[in-house]
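Asker: would you be able to build a 3D model of this:
(2 chains)
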Amino acid sequence: GDSVTQTEGQVALSEEDFLTIHCNYSASGYPTLFWYVQYPGEGPQLLFRASRDKEKGSSRGFEATYDKGTTSFHLRKASVQESDSAVYYCALSDGGGSNYKLTFGKGTLLTVTP
Amino acid sequence: NAGVIQTPRHKVTGKGQEATLWCEPISGHSAVFWYRQTIVQGLEFLTYFRNQAPIDDSGMPKERFSAQMPNQSHSTLKIQSTQPQDSAVYLCASSRQGANTGQLYFGEGSKLTVL
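Answerer: Numbers count the residues shown, from 1 in each chain, chains lettered A, B, ... in the order given. All right, here's what the predicted structure looks like:
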């Protein structure tokens, strides 16, 4: 079945540091890829998506590029802020037939200290 | 607009008891999803309805878990004979029909603790 692997379980950074969270996927079809963010006490919310090879998704200074060759969708941000502290989930939807469920990675807890 | 509403926010049950969790999707959304969230496993898909019909329940533990969507304004997840390993945050999400955009709108979750 489909799967998403996030390499980092936890990332600790200082403000203005560069962020990379690695995401690799396995899917039988041509999936749409997503990054979701979850703040404490809230449900996950969509950060952005990409549905084609080489497409870049971006929002709030975060970005990721769909790479079908390496089956990756790594999240990056040039300069993190304390308010970016949250759990980040990479996800995919293969959209096969009429099933639009999302398969999520295990999440990466980002902690940013001032 | 109100978001996805989940009740109760917290539930504590004894081992062997039944737990029922409720979800009210966003008005006009016809797809409803249930996920289970734990620190170890992250977000695990449980089941999915579209226009109240079950589409995919491949993530549901077969013996004690059941989900229903009796009308377009609410869905329930029932866990019979709860076990400590059922302790988790159960998240409900909804999305618009035909919108294969992956934008699920999640509720704040129901935290289940089984003693």
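
Asker: going forward, measure contacts and count neighbours with C-alpha atoms only.
Answerer: Will do.

Asker: assign residue B:22 to helix, strand or coil.
Answerer: Under DSSP: H, G, I helix; E, B strand; the rest coil, the three-state class of residue B:22 is strand.

Asker: adjacent strands (with direction) for the one helix or strand in chain B whose mean pLDDT sits lowest?
Answerer: When the helices and strands of chain B are compared on mean pLDDT, DSSP states H and E, strand B:53-56 comes out lowest with a mean of 91. Listed by DSSP bridges, the sheet partners of strand B:53-56 and their directions read strand B:42-50 (antiparallel).

Asker: how distant is the strand it pairs with from the center of its chain?
Answerer: In terms of Cα atoms, centre = their mean, to the nearest Å, the gap separating the centre of strand B:42-50 from the centre of its chain is 7 Å.

Asker: what of stretch B:81-92?
Answerer: Relative to where its chain is centred, stretch B:81-92 has its mean C-alpha point 10 Å off (Cα atoms, centre = their mean).

Asker: just the CA trace of that stretch, in PDB.
Answerer: As requested, the backbone C-alpha atoms of stretch B:81-92 are provided in PDB (Å, rounded to 0.1, in the frame of the first residue of the first chain):
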ATOM      1  CA  SER B  81     -14.900  -3.200  25.100                       C
ATOM      2  CA  THR B  82     -12.300  -0.500  25.100                       C
ATOM      3  CA  GLN B  83      -8.700  -1.500  25.800                       C
ATOM      4  CA  PRO B  84      -5.700   0.600  27.100                       C
ATOM      5  CA  GLN B  85      -4.200   0.500  23.600                       C
ATOM      6  CA  ASP B  86      -7.200   2.400  22.200                       C
ATOM      7  CA  SER B  87      -6.100   5.500  24.100                       C
ATOM      8  CA  ALA B  88      -5.500   8.100  21.500                       C
ATOM      9  CA  VAL B  89      -6.800  11.300  20.000                       C
ATOM     10  CA  TYR B  90      -9.500  10.600  17.500                       C
ATOM     11  CA  LEU B  91      -9.700  13.200  14.700                       C
ATOM     12  CA  CYS B  92     -12.700  13.800  12.400                       C
END
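
Asker: show me where chain B has strands.
Answerer: Along chain B, counting by DSSP state E, strands occupy B:5-7, B:10-13, B:19-24, B:31-38, B:42-50, B:53-56, B:65-71, B:74-79, B:88-95, B:105-106, B:110-114.
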